[in-house]
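**Q** pasting the sequence and the predicted coordinates here, then a few questions.
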Amino acid sequence: MTEILNKEFSRQKFLVGGGAMFVGMSVAGGALAGKAQAAESPFASNGPPDLQEVDSFIVIHSDNTVSLKTGRVELGQGSNVGLMMIAAEELDVDISQMKFVRHDTNVTPNTGGTFGSSSIASAGPRIRSAAATARQALLSLAATELGVPAASLSVSKGVVSGGGRNVTYGALIGDKLFNVRMASATLAPGAGIAKPVAQYQLVTKQHIPRVDIPDKVTGKHTYVHNIKVPGMLHGRIVRPRGQGAYGDGTAPKIVSVDEKSIKHISGARVVRRNDFLGVVAPQEFAAIQAASQLKVVWGEPPTIASSGNLWKSMRDFDAAGQAPARITVNTGNFNTAYASASIKVENTYKYPYNGHMPIGPTAAIAHVTPDGALIMTNTQDAYTMRTRIAGLLDLPINKVRVQYWEGAGSFGNAPARHDGGQAAAVMSQLAGAPVKLQFMRWDEHGWANYGPAQMMDMRGAVDANGNIVALEYTQFGIPALPTDPTTQHATGNFGTGGQGALDATNSGTQYNILNRRVIGKSLPLVNNYFKTSTLRAPNAPQTCFGSEQLIDELAYAAKMDPYEFRLKNISITDNNRWRDVLVGVGKLANWKPKVAASNLSNDTVVRGRGIGLGSYASSQAGVVADIEVNRKTGVIKVLHAYTTQVSGLGVSLEGLESQMMGSMIMGTSRTLYETVQANSKRVTGLDWVTYPILRFKDHPNITYTVTQRLDLPPTGAGEPPDAAIPAALANAFFDATGVRIREAPLTPARVRAVLKAAGRAK
């Protein structure tokens, strides 16, 4: 561990890209062939290579190993293994022969950002096409080498056999370019020249462990936080403790800076561009001290609704006509069907801001000179970051090189919105030296891109036979931030936001509802609400918390078991995907039918069971949760949670199951504990005490299974259970107590309050 913590790249290795690339110049691909990009400049950033060139993705080495360039990054989700499995399957090589190439804008292709559970679903078809095309080219070379028709050849572990002889892929083309274009940029499983699904030996069949885990367990893995470079200064951002509302609260004006206030700290100095402010120093602790002690007077942020008045503010804006409505779904005639129905339910559900809180803080290293820039960070979208940094630094785009180095997961300020990498780049340019920037805990908590708070008004109706005849979903939504803080502070530019994101998928499509209406009301972002961004299964946990509770309330009003009510009304128009997860999780949990809350107890500790369905990235999940409620303390303990998921053809079963478990743990934490605290000026929840998360001792036991659908293409697999579990927990609470809890998180204080109001407290 000491070796890693003190790891320092030599100047030579740093300038050629960090000293950890698997392969050399030849991996750049056909589009970059002959440019000698690594040699021409340490900041060369000549990507992206042509997405239809095999060489942009595949390199066969002389030792018969294969380097795979995917344009995707490993964030802890394990999709790199799934992508290697796809390539290995099509090439007929063993997974042990595969190497994963670090994402680098001078080396790897642009297949899109690593978010939205899109790596397997979106990058996978490109990898499949490249590998299948490469196999054809290799067989053609082997046929010439062995003197037999290509159709008569067989391949195992990259060894081609035919005519009583054999030859390796490495011997055929080792470390040379294919110079072959793919006939199709993407291939679905079994399509075109791709291997038939029935012949798979690896994909869908084997549990392949993640290749990054051993080095992480032993301490050999290098995170971006561990890297040192010669001449590197340490940097810290200086911002108010806790952001205010997006606009004047996230781009406060600097009234004054007293640089003499840190004069006593050896080597520390201020770096500033307009309202962007930071400090740098040769020693990290000196930078920490300087950031803490620098005297700054900031402009006053706007007055906003505090945490306790958040929902009232939404109503007030709506009443004042400042939350314009738009109808995104309007099938049948909701008004007529609702008015004539025999059973009706109408309620409001509330889900607060959640934080993008990585346990390890954001970090990035930047080396900026007049000749170019090299940024090392855990961005989820290197090519987008390159464009933004080029604009900030006024450099040509092909002289801004962005390399991915793993950080603390995919949340926080760095990965999606690039704040950490961009801030490091600006600081390095101002300091005239390489800068390693790391956020403090209050920077991370106080300036996160929060998952948006959401309030939902819902109405639903059921006929006498238990059929859902009408459903209306109205969401009060906060638009996502258009501009990161570094750009706002350094340039003075920020956008005004658009419409609040609306999750129509989880607001009724699970069921066969002929009369359905979905309405979005967009709240005014600037100077009123916090900056928000995507957080695991964006908007889906919020939406399901409301919509799947309403379904449970309709079942209760119809005096039906919540599982059987769902089964009666389940949609079968989506290749039976919803039915598969509902039936699957019912069997997995051994569901016993009964009307919810029909077996209440006066004991201090009571138990209940709830169910919820949710979707994200075109994949569906069902969750059943068993909980225990202490009616005296208000503490909810999740005893066991069950989930099943349909993600089409599941490539890596190990990865799928790991992501399902992670989603369940995170969803439990968000539902029971997490909410951003704020006063009428700014965020006040700046640590793990004021923003608590699930602890190891409180985690639920989890049972999971993948419902494999080989007849469907792969869909996103990293997030769906996170959508379903909030409602499952809330529905279980009703089953245990006979009381509805329609606002998250389900904290002890809120539990005691709702039980007391209903006369059910102990």
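**A** Good, I have the coordinates. Numbering: from 1, shown residues only.
**Q** now do the helices in the stretch 1-150 of the chain.
**A** 2-5, 11-15, 37-40, 79-91, 124-146 (DSSP state H, counting those that start in this stretch).
**Q** next up, the contacts around residue 279.
**A** 235-236, 238, 262, 268-271, 287, 290-291, 294 (C-beta atoms under 8 Å, 6 or more residues apart in numbering). No exception for glycine: its C-beta is placed from N, CA and C like everyone else's.
**Q** gap between it and residue 184?
**A** Distance of residue 279 to residue 184, computed by C-beta to C-beta, to the nearest Å: 52 Å.
**Q** hmm, back to that, quick one, which of the contacts of residue 279 are buried?
**A** 235-236, 238, 262, 268-271, 287, 290-291, 294 (16 or more other C-beta atoms under 10 Å).
**Q** what's the closest of these to residue 671?
**A** residue 236 (33.8 Å; C-beta to C-beta).
**Q** residues contacting the closest residue in space to the closest one that isn't next to it in sequence?
**A** Using C-beta to C-beta, 6 or more residues apart in numbering and skipping the chain neighbours, the partner closest in space to residue 236 is residue 291 (3.7 Å). Residue 291 makes contact with 236-238, 278-279, 440, according to C-beta under 8 Å, 6+ apart.
**Q** pick the one among the buried ones among the contacts of residue 279 closest to residue 313.
**A** residue 238 (29.8 Å).
**Q** so that closest one makes contact with residue 293?
**A** No. Checked against C-beta atoms under 8 Å, the pair residue 238 and residue 293 is beyond contact range at 10.2 Å.
**Q** mean pLDDT per element in this protein, and the minimum belongs to which helix or strand?
**A** helix 2-5 (a mean of 35; mean pLDDT, DSSP states H and E).
**Q** separation between the nearest residue to residue 397 once chain neighbours are set aside and residue 115?
**A** In this structure, residue 397 finds its nearest non-sequential neighbour in residue 390, 4.5 Å apart by C-beta to C-beta, 6+ apart. Distance, residue 390 to residue 115, by C-beta to C-beta: 21 Å.
**Q** separation between the residue nearest the centre of the chain and residue 545?
**A** Note on the chain: the residue nearest the mean C-alpha position is residue 536, at 4.7 Å, using C-alpha atoms, centre = their mean. In this view, residue 536 and residue 545 are 14 Å apart by C-beta to C-beta.
**Q** rewinding a little: please identify which of the buried ones among the contacts of residue 279 is nearest to residue 52.
**A** residue 235 (40.9 Å).
**Q** ends of stretch 315-330, what's the gap?
**A** 23 Å (C-alpha to C-alpha, to the nearest Å).
**Q** ok, residue 267 - contacts?
**A** Here residue 267 is in contact with 281-283, 286 (C-beta under 8 Å, 6+ apart).
**Q** so it, which state does it fall into?
**A** Secondary structure, DSSP: H, G, I helix; E, B strand; the rest coil: residue 267 is coil.
**Q** quick one: low-confidence parts of this protein?
**A** 1-40, 412-417 (pLDDT under 70).
**Q** quick check: domain ranges of it?
**A** 21-209, 225-301+356-446, 308-353+450-757 (automatic domain parsing).
**Q** can you give me phi and psi for residue 400?
**A** Dihedral angles of residue 400 (phi, psi; degrees, to the nearest 10) stand at phi -120, psi 110.
**Q** do I have it right that it meets residue 41?
**A** No. The pair residue 400 / residue 41 is not scored as a contact, 11.3 Å apart, by C-beta under 8 Å.
**Q** more crowded one of these two?
**A** residue 400 (25 against 18; other C-beta atoms under 10 Å).
**Q** separation between that one and residue 375?
**A** 7 Å.
**Q** between these two, which contacts overlap?
**A** residue 389.
**Q** so what's residue 497 up against?
**A** 246, 479-482, 525-526.
**Q** counting neighbours, what do you get for the closest residue to residue 654 other than its chain neighbours?
**A** Among residues not flanking residue 654 along the chain, residue 207 sits closest, at 4.4 Å (C-beta to C-beta, 6+ apart). The local packing of residue 207 (other C-beta under 10 Å) involves 10 other residues.
**Q** surely residue 207 is within a helix?
**A** No. Looking at residue 207 with three-state DSSP, it is coil, so not inside a helix.
**Q** surely it touches residue 653?
**A** Yes. Residue 207 is within contact range of residue 653, at 5.3 Å (criterion: C-beta under 8 Å).
**Q** other residues contacting stretch 430-440?
**A** Contacts of stretch 430-440 (C-beta under 8 Å, 6+ apart): 14, 225, 227-237, 269, 271-273, 278, 280, 284, 288, 291, 361-367, 412-413, 420, 423-424, 427-428, 447.
**Q** so which residues of the stretch 351-500 of the chain form helices?
**A** Going by DSSP H, counting those that start in this stretch, the stretch 351-500 of the chain shows helices at 382-393, 419-431, 441-446, 485-491.
**Q** count of neighbours near residue 263?
**A** Residue 263: 11 neighbours (other C-beta under 10 Å).
**Q** just residue 535 next, same as before
**A** 26.
**Q** what about stretch 322-336, distance to the chain center?
**A** 30 Å (C-alpha atoms, centre = their mean, to the nearest Å).
**Q** neighbours of the closest residue in space to residue 65 that isn't next to it in sequence, how many?
**A** Leaving aside its sequence neighbours, residue 65 sits nearest to residue 97 (C-beta to C-beta, 6+ apart; 4.9 Å). Residue 97: 19 surrounding residues under other C-beta under 10 Å.
**Q** ends of stretch 371-384, what's the gap?
**A** 20 Å.
**Q** correction: stretch 468-484
**A** Stretch 468-484: ends 43 Å apart by C-alpha to C-alpha.
**Q** what of stretch 679-697?
**A** OK, stretch 679-697 end separation, C-alpha to C-alpha: 31 Å.
**Q** helix or strand: which one has the residue nearest to residue 447 when sequence neighbours are not counted?
**A** Closest residue in space to residue 447, ignoring its immediate chain neighbours: residue 243 at 5.1 Å, by C-beta to C-beta, 6+ apart. Per DSSP states H and E: residue 243 is located in neither a helix nor a strand.
**Q** so who does residue 243 touch?
**A** 249-250, 446-447, 485, 530-531, 682-683.
**Q** separation between it and residue 75?
**A** On the measure of C-beta to C-beta, residue 243 and residue 75 end up 24 Å apart.
**Q** what distance do you get for residue 301 to residue 248?
**A** Residue 301 is 6 Å from residue 248, by C-beta to C-beta.
**Q** could you do residue 270 as well?
**A** Residue 270 sits 23 Å away from residue 248, going by C-beta to C-beta.
**Q** filter the contacts of residue 267 down to the buried ones, ChimeraX style.
**A** Here is the ChimeraX command that selects the buried residues among the contacts of residue 267 (16+ other C-beta under 10 Å):
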select :281,286
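**Q** turn the contacts of residue 267 into a markdown table, including secondary structure.
**A** Shown next, in a markdown table, are the contacts of residue 267 (three-state DSSP):
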| residue | secondary structure |
| --- | --- |
| 281 | strand |
| 282 | coil |
| 283 | coil |
| 286 | helix |
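**Q** tell me which two of the contacts of residue 267 sit farthest apart.
**A** 282 and 286 (6.9 Å).
**Q** joint contacts of the two?
**A** Joint contacts of residue 282 and residue 286 (C-beta under 8 Å, 6+ apart) are 234, 266-267.
**Q** ok, back up a step: quick one: which of the contacts of residue 497 has the most company?
**A** residue 246 (30 neighbours).
**Q** which residue, other than its chain neighbours, is closest to that one?
**A** residue 531 (4.4 Å).
**Q** hmm, back to that, would you list the contacts of residue 291 in TSV and tack on distance to residue 464?
**A** As requested, these are exported to TSV (distance: C-beta to C-beta, whole Å):
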residue	distance to residue 464
236	66
237	62
238	65
278	67
279	70
440	60
